[in-house]
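Enquirer: Output the structure for:
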Amino acid sequence: MSGRISGIGVVVRRAAIESGYPGGMARYRADATTVSTDRNLAAVSFAGRPEAEAWVERLAIKGVASSETAILEAASDPEARCGWLEVMSVAGGIEAEVWLQGTDRSEPGEQAALPRFEILSRSDSGLSYVRERRGGQVRVLTESELEDFNDPRPCPRCAEQFGCDHFNCAGEPLLEEQEIDLEVPPEWAAFARDIGISRLDLERLRSIERSEGQYRLVPEANSDVRMLELVLLLNEAL
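Expert: Residues are numbered from 1 along each chain as shown. As a prediction, this is how the structure comes out:
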């Protein structure tokens with residue numbers, strides 16, 4: 001399993017968090033807000049090294065030894081990185097996957113939401129100069145505006161907040177092309193490729209029928225928002 005960082009990341013052994021950080025992993029997640037984890041590590045990404053170093057100092061005060069932490073740059077030379085970590089650059093060097101040396105990274109870890117903005121600088125008056133990860137637009141935002149842009153949380157893969165090619169409205173990962181070929185019944189394959197569906201959507205589709213030229217829920221179906229959206233999308237595709 002592996003975690004993921006973007007920009008500058010602070011990687012900590014989970015065992016050190018559980019034993020030294022007050023409240024353990026549950027509190028750490030709440031304090032850090034954007035944590036990418038696997039069974040062994042917890043990674044938090046920052047816009048710059050000063051913020052990362054300040055986080056490591058905070059960890060030391062809380063009881064996590066500096067020997068259990070590492071500051072990494074996603075785009076740096078792997079040979080210059082921490083000895084107890086394995087690191088692989090991804091997304092053209094913008095991000096990196098990290099996992100504990102000697103463990104298997106093949107199973108994906110829990111990915112933190114990638115921030116929509118890259119923070120370029122902050123002023124003493126509380127303004128942040130930021131650049132959108134998608135499109136590159138530069139903005140000047142207050143702290144409250146930054147918080148507003150993180151609600152709902154952005155996609156952990158592309159930083160989009162309001163619909164993307166990776167997750168449905170229920171927050172479920174959409175099937176990749178190869179998974180569609182293997183798992184989706186032929187009658188739904190074209191819809192899956194055009195619109196995107198998750199594995200749970202396959203279950204939802206079993207509760208949708210076509211009658212009198214329109215798709216609708218079967219009478220006994222327990223519907224949710226995503227199921228209603230599927231019905232709408234199916235009818236729009238007619």
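
Enquirer: where along this protein do the helices fall?
Expert: 14-20, 24-32, 49-62, 143-149, 177-183, 186-195, 199-205, 225-236 (DSSP state H).

Enquirer: For the first one, which outside residues touch it?
Expert: To tie it back to what came earlier, the one meant is helix 14-20. 24-25, 28, 37, 39-42, 62-65, 68-69 (Cβ atoms under 8 Å, 6 or more residues apart in numbering). For glycine as for every other residue, the C-beta is placed from the backbone atoms N, C-alpha and C.

Enquirer: how does it look with 7 Å?
Expert: 24-25, 28, 37, 40-42, 62-65, 68 (Cβ atoms under 7 Å, 6 or more residues apart in numbering).

Enquirer: Nearest spatial neighbour of Arg13, chain-adjacent residues omitted?
Expert: Glu68 (4.8 Å; Cβ to Cβ, 6 or more residues apart in numbering).

Enquirer: Can you tell me which of the contacts of helix 14-20 is nearest Val87?
Expert: Taking Cβ to Cβ as the measure, Val87 sits nearest to Leu41 out of the contacts of helix 14-20, at 11.1 Å.

Enquirer: Name the nearest residue to the closest one, ignoring sequence neighbours.
Expert: Gly3 (5.0 Å).

Enquirer: what would the contacts of helix 14-20 look like in CSV with pLDDT?
Expert: CSV is the format used below for those (pLDDT from 0 to 100):
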residue, pLDDT
Gly24, 85
Met25, 82
Tyr28, 85
Thr37, 82
Asn40, 88
Leu41, 89
Ala42, 89
Lys62, 90
Gly63, 92
Val64, 92
Ala65, 90
Glu68, 91
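
Enquirer: Sort out which of these are buried, if you could.
Expert: 28, 37, 40-42, 64, 68 (16 or more other Cβ atoms under 10 Å).

Enquirer: if we can go back for a sec, what's the closest of the helices of the chain to Tyr215?
Expert: helix 225-236 (4.2 Å).

Enquirer: Who are the packing partners of the closest one?
Expert: The contact analysis (3 or more Cβ pairs under 7 Å, 6 or more residues apart in numbering; DSSP states H and E) places helix 225-236 against helix 199-205, strand 208-211, strand 214-217.

Enquirer: re earlier: so the residue nearest to Arg13 is in contact with Val11, correct?
Expert: No: the criterion here is Cβ atoms under 7 Å, and Glu68 misses it with Val11 at 9.5 Å.

Enquirer: In CSV, list the C-alpha atoms belonging to stretch 204-222.
Expert: Taking C-alpha atoms only, stretch 204-222 is exported to CSV below (Å, rounded to 0.1, in the frame of the first residue of the first chain):
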residue,chain,number,x,y,z
ARG,A,204,-28.2,0.3,-8.5
LEU,A,205,-28.8,-0.4,-12.2
ARG,A,206,-30.4,-3.7,-11.2
SER,A,207,-33.2,-1.6,-9.6
ILE,A,208,-33.8,0.4,-12.8
GLU,A,209,-36.1,-0.8,-15.6
ARG,A,210,-37.3,0.5,-18.9
SER,A,211,-41.0,0.9,-19.4
GLU,A,212,-43.0,2.7,-22.1
GLY,A,213,-39.8,4.2,-23.5
GLN,A,214,-38.5,5.6,-20.3
TYR,A,215,-36.2,4.4,-17.5
ARG,A,216,-37.7,4.3,-14.0
LEU,A,217,-37.1,2.7,-10.6
VAL,A,218,-38.7,-0.7,-9.9
PRO,A,219,-41.5,-0.3,-7.3
GLU,A,220,-39.6,-2.1,-4.5
ALA,A,221,-36.3,-0.2,-5.0
ASN,A,222,-34.6,1.6,-2.1
